[in-house]
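> curious how this folds, go ahead:
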Amino acid sequence: QVQLVESGGGLVQAGGSLRLSCAASGRTFNTYDMGWFRQPPGKEREFVAVIRRNGDTTNYADSVKGRFTISGDNAKNVVYLQMDSLKPEDTAVYYCAAKRFLFRSSYSQGAYDYWGQGTQVTVSS
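This is a model prediction of the structure:
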């Protein structure tokens, strides 16, 4: 069983930055791919970024590529999402998730086994 707790959300002006954290209970590194998803108001939840269990490979949605950076701290068992150059369209509830099975697509929310409760990010124009 893995428990995930997100933090770091808040209200920021367009062009600003936020860093989200996802603290994981249990050993997640080397066992799970860790992803970030978001759900904008009135829309479906969508993929944002993933860091593979080897810690070396990352992938991003086109909408955040070049602005967001996903990283992990093995010692602390925490995954981060550094968000720079934020835009109003980045406003959403952001979720951290853990995927156990390699054969499942990291871009699909259905592939993930554990989810955090979410943290709200609001970007004002």
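> from here on, contacts and neighbour counts on C-alpha atoms
Will do.
> where does this structure have low pLDDT?
Residues of the chain meeting the criterion pLDDT under 70: 29.
> next, name the residue at the spatial heart of it.
residue 36 (2.1 Å; Cα atoms, centre = their mean).
> that one: what's its closest spatial neighbour, skipping adjacent residues?
residue 96 (4.7 Å; Cα to Cα, 6 or more residues apart in numbering).
> how about the secondary structure of that neighbour?
Following DSSP: H, G, I helix; E, B strand; the rest coil, the label given to residue 96 is strand.
> before we move on, back to that, contacts for the helix or strand harbouring the residue nearest to the centre of the chain, please.
Remark: residue 36 resides in strand 33-39, with elements defined by DSSP states H and E. Residues outside strand 33-39 that contact it (Cα atoms under 8 Å, 6 or more residues apart in numbering): 45-53, 79, 81, 92-100, 102, 106, 109.
> partners of that strand, with directions?
Applying DSSP bridges to the sheet, strand 33-39 is found paired with strand 46-51 (antiparallel), strand 92-99 (antiparallel).
> would a markdown table of the ones you listed with distance to residue 15 and mean neighbour count be doable?
Output for those, formatted as a markdown table (distance: least, Cα to Cα, whole Å; neighbours: other Cα atoms under 10 Å):
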| stretch | distance to residue 15 | mean neighbour count |
| --- | --- | --- |
| strand 46-51 | 18 | 23 |
| strand 92-99 | 16 | 25 |
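> and of those, who's closest to residue 73?
Closest approach to residue 73 among those is made by strand 46-51 (11.3 Å; Cα to Cα).
> which element follows that closest one toward the C-terminus?
Following strand 46-51 in sequence, per DSSP H and E, is strand 58-60.
> which elements pack onto that next one?
strand 46-51 (3 or more Cα pairs under 8 Å, 6 or more residues apart in numbering; DSSP states H and E).
> hmm, who's touching the strand it packs on?
Contact with strand 46-51 is made by 33-39, 57-61, 64, 70-72, 106-109, as judged by Cα under 8 Å, 6+ apart.
> do that again at 6 Å, thanks
Residues from elsewhere that reach strand 46-51 (Cα atoms under 6 Å, 6 or more residues apart in numbering): 33-38, 57-61, 107.
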